[in-house]
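Engineer: return a 3D structure for these sequence lines:
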Amino acid sequence: MALDKMKDLNLKEARLQLQLVELEGIPVMEPTYSTWDRVWKFKARPDDLLIATYAKAGTTWTQEIVDMIQQNGDVEKCRRDTTYKRHPFLEWYIPGPSSVRYSGLELAEAMPSPRILKTHLPVQLVPPSFWEQNCKIIYVARNAKDNLVSYYHFHRMNKAMPEPGTWEEFMEKFMTGKVLWGSWYDHVKGWWKAKDKHRILYLFFEDMKENPKREILKILKFLEKDVNEDVLNKILFYTSFETMKENPMANYTRDFQGIMDHSISPFMRKGAVGDWKNYFTVTQNKKFDEDYKKKMADTSLVFQTEL
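Structural biologist: Purely as a prediction, here's the structure:
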């Protein structure tokens, strides 16, 4: 029993080490805040590709699709390292010993072109050099309800994230934007507006689930790449949820050992559309829908919540 208590204490301590701090009104991790000046001054290159999402909206999936395209379907090349190392997570910084230390910035700066970079930043916090260099950006949005469920489970299994509290409490935090990377509503709307001014391909998680081939063809066109039918089928197979869930280079079982507890909830959990129905009560759903309607009244954005 004493050992369990100690374990519990260690877990709480691990969670308390990384606090949320507001950066221009957006909650970010304290280490991101402490290195913000460097992030903001990051020098993008014209051939950089930025993959931007709200957390748990299909980021890793999109990264794998893009990597498979860039490597012309060569599976071995795509397994040269974990997603986390292949595509620097720009604003993410974990201080500490080399076993856990991570600096997306340092990784990106040392990487040869062309680079695939990842961010969860809302559009207004993206380093200005991306716009100055007219970089291509792929943004993926996922419906709020499924995104919330996935984010809740991610907080449960990831000790580097703040404690989520109960499902009810986390839902409240999500609705008020008091979660890491801020309001989902502002995030998806901000990027939606930006797509009219910049080279942004705006994709929907639900479309990718419904017809992955069609969406991969959109990405190919956007990247001005061409692949033959065999390579396209290979990309479809190796970026399917079932295959990626078993791929240690994509499923986050190789990184964050001791930080991510896949026994609580795997990093790649369901990848489904409509899983929210297993979590929302009728009352919660009504409350969420009413709030959603208000927050999304000023946008033409429409999401599917089931397929």
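Engineer: quick check, residue 107 in contact with residue 90.
Structural biologist: No: applying C-beta atoms under 8 Å as the test, residue 107 and residue 90 come out as separate, 9.2 Å apart. Every C-beta, even on glycine, is put in place using the N, C-alpha and C of the backbone.
Engineer: the two: who's more crowded?
Structural biologist: Remark: of residue 107 and residue 90, residue 90 carries more neighbours, 25 against 19, as counted by other C-beta atoms under 10 Å.
Engineer: surely that one touches residue 118?
Structural biologist: Yes: with contact defined as C-beta under 8 Å, residue 90 reaches residue 118; the gap is 6.6 Å.
Engineer: common neighbours of residue 107 and residue 90, please.
Structural biologist: Residues within reach of residue 107 and of residue 90 at once, by C-beta atoms under 8 Å, 6 or more residues apart in numbering: there are none.
Engineer: picking that back up, mutual contacts of residue 90 and residue 118, please.
Structural biologist: 50, 104.
Engineer: what's around residue 31, how many residues?
Structural biologist: Residues within reach of residue 31, counting by other C-beta under 10 Å, total 21.
Engineer: report the secondary structure element holding it.
Structural biologist: helix 30-34 (DSSP states H and E).
Engineer: list the contacts of that helix.
Structural biologist: By C-beta under 8 Å, 6+ apart, the list of residues contacting helix 30-34 reads 18, 19, 20, 21, 23, 39, 91, 92, 93, 94, 95.
Engineer: please redo it, this time with the cut-off set to 7 Å
Structural biologist: With contact meaning C-beta atoms under 7 Å, 6 or more residues apart in numbering, helix 30-34 is reached by 18, 19, 21, 23, 91, 92, 93, 94, 95.
Engineer: buried among those residues? Need that as a selection in ChimeraX.
Structural biologist: Buried members of the contacts of helix 30-34 can be picked out in ChimeraX with the line below, counting by 16 or more other C-beta atoms under 10 Å:
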select :18,23,91,92,93,94
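Engineer: want to throw the contacts of helix 30-34 into a markdown table with secondary structure?
Structural biologist: What follows is the contacts of helix 30-34, written out as a markdown table (DSSP: H, G, I helix; E, B strand; the rest coil):
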| residue | secondary structure |
| --- | --- |
| 18 | coil |
| 19 | coil |
| 21 | strand |
| 23 | strand |
| 91 | coil |
| 92 | coil |
| 93 | strand |
| 94 | strand |
| 95 | coil |
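Engineer: which among the contacts of helix 30-34 gets closest to residue 132?
Structural biologist: residue 91 (18.1 Å; C-beta to C-beta).
Engineer: circling back to that earlier point, avg pLDDT for the helix holding residue 31?
Structural biologist: Computed over helix 30-34, the mean pLDDT rounds to 94.
Engineer: next one: stretch 145-152
Structural biologist: 95.
Engineer: gap between that stretch and the chain center?
Structural biologist: 12 Å (C-alpha atoms, centre = their mean, to the nearest Å).
Engineer: just stretch 212-223 next, same as before
Structural biologist: Averaging C-alpha positions (C-alpha atoms, centre = their mean) puts stretch 212-223 19 Å from its chain's average.
Engineer: let me know the pLDDT of residue 174.
Structural biologist: On the pLDDT scale, residue 174 is placed at 98.
Engineer: residue contacts, the most centrally placed residue in the chain?
Structural biologist: Nearest to the mean C-alpha position of the chain, counting by C-alpha atoms, centre = their mean, stands residue 55 at 3.6 Å. Residue 55 sits next to 120, 151, 180, 181 when contact means C-beta under 7 Å, 6+ apart.
Engineer: same check, this time on residue 203
Structural biologist: Residue 203 is in contact with 138, 139, 140, 215, counting by C-beta under 7 Å, 6+ apart.
Engineer: if we go to 6 Å?
Structural biologist: By C-beta atoms under 6 Å, 6 or more residues apart in numbering, residue 203 lies in contact with residue 140.
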